[in-house]
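Let me see the structure of the following:
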Amino acid sequence: MIEVLVVDDDFYVAKINAHYVSEVPGFRVAGIAHDAAPALAAVERGGIDLILLDQHLPHESGLSLVRRMRGLGYDIDVIMVTADRRAASVREALRVGVLQYIVKPFTCEGLRAKLEAYVQLRSIIEDGAEMDQARIDRMLGALRTPESEHALPKGFSERTAELVKRIVGEHGTGRQISAQEVAERARISRSTAQRYLKYLAEAGKLRLSLRYGDSGRPEHLYTSG
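Numbering: from 1, shown residues only. Next comes the predicted model:
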């Protein structure tokens, strides 16, 4: 079993990422941290094989934390899961030994592909065989996943996803909006709005809350992430 520490300053996103990890066979969430200090404390306690690490943390960047861990001798595998798209950050991640760099938002399937690739990498390294060129090529190839894994789920449109996200954002910071209101503003059906809102919430781009009325059935309301 591969023990995973999920590190993200957003409590909601951390919970979603932990859920995604728990859905992949062979992986278990060993802990969740929301800043660098508790993340390092979890590493020091031991039992962590892999860290899913956000770059933007309250008191120290994710990459700074990786450098500090390396300096302290902790050779733990790291996969960055972040909205930071800067070339300098990606380059620094490669320099400090980050294995994968996943840009938010992403789907459960996208993360699953990365974790399965990570399992392949571990299996090649841990069997102890001599690393000839073919095995080295296999090891490096295990880190790559098809480009299509980064795309939206089948049947989804990038343009519509951006429109729905923008409508929720324009509604106002902290102000909740329903699927029906989004549908009316985007001029799409309510069921389509619900599909996109659910996807964006699961990807950590929107926040979902429930409001219970007299009917007993909760109304799904969304705010910008």
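
Now for Gly73: which residues touch it?
Contacts for Gly73 (Cβ atoms under 8 Å, 6 or more residues apart in numbering) come out as none. (C-beta placed from N, C-alpha, C; glycine too.)

and it, helix, strand or coil?
In three-state terms, and counting by DSSP: H, G, I helix; E, B strand; the rest coil, Gly73 is coil.

per-residue pLDDT, it?
For Gly73, the pLDDT comes out at 93.

pLDDT weak spots in the protein?
Confidence mapping of the chain against pLDDT under 70 gives the ranges 127-129, 135, 138-152, 173, 213-216, 225.

how is it carved up into domains?
When the chain is parsed with automatic domain parsing, its domains come out as 2-150, 158-224.

I'd like to know which elements the longest helix anywhere in the chain is packed against.
Longest helix of the chain, by residue count under DSSP state H: helix 108-126. Using 3 or more Cβ pairs under 8 Å, 6 or more residues apart in numbering; DSSP states H and E as the contact test, the elements touching helix 108-126 are strand 2-7, helix 11-22, strand 77-82, strand 100-103, helix 133-142.

Now do the buried residues in that helix.
Buried positions in helix 108-126, judged by neighbour count with 16 or more other Cβ atoms under 10 Å: 108, 110-118, 121-122, 124.

go on, stretch 209-223?
Leu221, Tyr222, Thr223.

Redo those residues as a markdown table? Include distance to Ser89.
Below are those laid out as a markdown table (distance: Cβ to Cβ, whole Å):
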| residue | distance to Ser89 |
| --- | --- |
| Leu221 | 33 |
| Tyr222 | 29 |
| Thr223 | 27 |
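
Brilliant, that's me finished.
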